[in-house]
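Trainee: Make a model of this:
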Amino acid sequence: MSKDLDDENYSENDHEQEDAFVEDRLLATFDLKQRGWTASMIQKLLPEHDDTRENRLNKKYGRVKLYWESRVQEAESTGAYAELLDRAIAASERSEKARQTRARKRERQIREFLEDFDPQILPVSKTEQEALGSNLARKLKGLWELHEWLLNEHIRRIPVLGRLTREERKNLATRLNEKYLESLKQAYPELEWPEG
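Mentor: Residues are numbered from 1 along each chain as shown. From the prediction side, this is the model:
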């Protein structure tokens, strides 16, 4: 009788183990990173992967490494994981702080670059203006082009700012054009300049 009960208990244990095995799933490196793991942490705590699969997004990066979730959870319950996670969080915070410092420095450089652009336009005579065109649109276009070397000279200095994002370049060009237009309006207040 006790043997039958033991058999029954072993059978239940076997089922529990089978259920646990069925519920265990494989996690990709991406999944681990979503859980807070870094590449260094994976290398130290899970140096061997359990399986691989084809990279469905980009085959040139090779196969995706897979890890049993139970192994991942076991590693996450260790003091080594907690220590490495704390270090990773601290490094991430330092990195973010450095990024913000660089962004503030870049904003200051761009602001100073814009402030340095203060074109002093010497207006041409009425006779020279008339020679540019008979209608207002042609005259304004002619005056823009006549003094545009001031704008282009400053634009040629943009590389001193280092690498700019597309958005930064676009905003900088817009602001420089606005300042140039304001200078033209001040030099030729009698003309009706378009807004913006």
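Trainee: So which other helices or strands are in contact with the lengthiest helix in the chain?
Mentor: Determined from DSSP state H, the single longest helix within the chain is helix 79-116. Counting by 3 or more C-beta pairs under 8 Å, 6 or more residues apart in numbering; DSSP states H and E, the packing neighbours recorded for helix 79-116 are helix 39-45, helix 166-187. For every residue, glycine as well, the C-beta is placed using N, CA and C.
Trainee: Format those helices as TSV; extra columns: mean pLDDT and distance to K139.
Mentor: Below are these laid out as TSV (pLDDT from 0 to 100; distance: least, C-beta to C-beta, whole Å):
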stretch	mean pLDDT	distance to K139
helix 39-45	95	63
helix 166-187	94	11
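Trainee: Columns mean neighbour count and distance to A91 on top of those helices, output as a markdown table?
Mentor: Below are the helices and strands packed on helix 79-116 laid out as a markdown table (neighbours: other C-beta atoms under 10 Å; distance: least, C-beta to C-beta, whole Å):
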| stretch | mean neighbour count | distance to A91 |
| --- | --- | --- |
| helix 39-45 | 15 | 9 |
| helix 166-187 | 15 | 27 |
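Trainee: Nearest to D24 among those helices would be which one?
Mentor: Among the helices and strands packed on helix 79-116, the nearest to D24 by C-beta to C-beta is helix 39-45 (17.7 Å).
Trainee: Can you name the next helix or strand after that closest one?
Mentor: Toward the C-terminus, helix 39-45 is succeeded by strand 51-53 as the next helix or strand (DSSP states H and E).
Trainee: what's the offset of that following strand from the middle of its chain?
Mentor: Offset of strand 51-53 from its chain centre (C-alpha atoms, centre = their mean, to the nearest Å): 30 Å.
Trainee: Please name every helix or strand in contact with the next helix or strand after it.
Mentor: As assigned by DSSP H and E, the chain's next helix or strand after strand 51-53 is strand 64-68. Secondary-structure packing of strand 64-68 (3+ C-beta pairs under 8 Å, 6+ apart): strand 26-28, helix 29-34, strand 51-53.
Trainee: Report the rounded mean pLDDT for strand 64-68.
Mentor: In this model, strand 64-68 has a mean pLDDT of 95.
Trainee: now that strand, how far from the centre of its chain.
Mentor: 28 Å.
Trainee: Show me what counts as buried in that strand.
Mentor: V64, K65, L66, Y67, W68 (16 or more other C-beta atoms under 10 Å).
Trainee: Now compare those and name the two farthest from each other.
Mentor: Maximum distance among the buried residues of strand 64-68 (C-beta to C-beta): 14.3 Å, for V64 and W68.
Trainee: got a list of what the residue most central in space within the chain touches?
Mentor: Centroid-nearest residue in the chain, with C-alpha atoms, centre = their mean: T165, separated by 9.7 Å. Residues in contact with T165 (C-beta atoms under 8 Å, 6 or more residues apart in numbering): none are found.
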